[in-house]
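**Student:** 3D model of this:
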Amino acid sequence: MDKIGWVINGPNLNMLGARSEEHYGCMTYQTLCDELREYAGKRGMVLNFFQSNHEGEIVEKLHTLVHERCDFLIINMGAFTHYSIAIYDALEMQRVPIIEVHLSNIFAREAFRSHSLFAKLCVGQITGFKEHSYFLAVDYFNRMGEIDALY
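**Tutor:** All right, here's what the predicted structure looks like:
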């Protein structure tokens with residue numbers, strides 16, 4: 001049976017391709033979603049996507065996922081990473097593994113970006129590899145059982 005996952009993106013991710021290429025790469029948001037969906041599909045995985053610039057909409061989406069089939073989450077909450085207790089509480093309800101991704105290296109930028117409220121809820125973080133951060137997260141979830149068996 002296919003693994004079903006969700007990629008949840010926060011504010012400004014819809015503007016990929018128009019933002020600083022140095023930090024965020026040159027791929028548009030739609031191209032990223034299309035390529036990720038295809039990449040995951042070739043690995044027997046189904047990826048669904050949700051993006052919002054509004055905190056409450058993200059919380060509502062996470063609430064719906066508590067009651068739907070979802071095997072894993074890949075999240076990039078953008079600026080909400082650093083201060084959204086509401087999203088933290090909604091993520092804490094999830095009963096699936098979560099990977100937090102960031103396109104830029106949040107630890108090599110402004111000091112306020114280096115703290116993630118969500119890190120303790122996640123199996124890991126992938127930062128600084130631009131769009132490749134998402135593909136690395138898909139690879140982890142594709143091989144999760146194999147990787148866990150190594151330890």
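**Student:** Need the pLDDT of residue 48.
**Tutor:** Residue 48 is assigned 98 on the pLDDT scale.
**Student:** in the sheet, who's paired with it?
**Tutor:** In this entry, residue 48 is beta-bridged to residue 6, by DSSP bridges.
**Student:** ok, it - how many residues close by?
**Tutor:** When neighbours are defined as other C-beta atoms under 10 Å, residue 48 has 14 of them. In short, each C-beta sits where N, CA and C put it, glycine included.
**Student:** how much space is there between it and residue 125?
**Tutor:** Counting by C-beta to C-beta, to the nearest Å, the gap from residue 48 to residue 125 is 21 Å.
**Student:** where along this protein do the strands fall?
**Tutor:** Secondary structure of the chain (DSSP state E): strands at 3-9, 45-51, 72-76, 98-102, 124-127.
**Student:** Would you convert those into TSV that also reports distance to residue 57?
**Tutor:** Formatted as TSV, these follow (distance: least, C-beta to C-beta, whole Å):
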stretch	distance to residue 57
strand 3-9	10
strand 45-51	8
strand 72-76	14
strand 98-102	18
strand 124-127	23
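**Student:** mind checking which of those is nearest residue 59?
**Tutor:** Nearest of the strands of the chain to residue 59, taken as C-beta to C-beta: strand 3-9 at 10.6 Å.
**Student:** Can you tell me the centre-most residue of the protein?
**Tutor:** Against the mean C-alpha coordinate of the chain, by C-alpha atoms, centre = their mean, the closest residue is residue 75 at 2.2 Å.
**Student:** what pairs with it across the strands?
**Tutor:** Applying DSSP bridges, one finds that residue 75 bridges with residue 8, residue 100.
**Student:** so it makes contact with residue 98?
**Tutor:** Yes: assessed by C-beta atoms under 8 Å, residue 75 is found in contact with residue 98 at 6.1 Å.
**Student:** Quickly list what's touching both of these two.
**Tutor:** 91, 118, 122 (C-beta atoms under 8 Å, 6 or more residues apart in numbering).
**Student:** wait, what's in contact with the last one?
**Tutor:** What it means is residue 122. So residue 122 contacts 75, 97-100 (C-beta under 8 Å, 6+ apart).
**Student:** So for it, what's the pLDDT?
**Tutor:** 97.
**Student:** Also residue 68?
**Tutor:** 95.
**Student:** how many other residues sit next to it?
**Tutor:** Neighbour tally, residue 68, other C-beta under 10 Å: 9.
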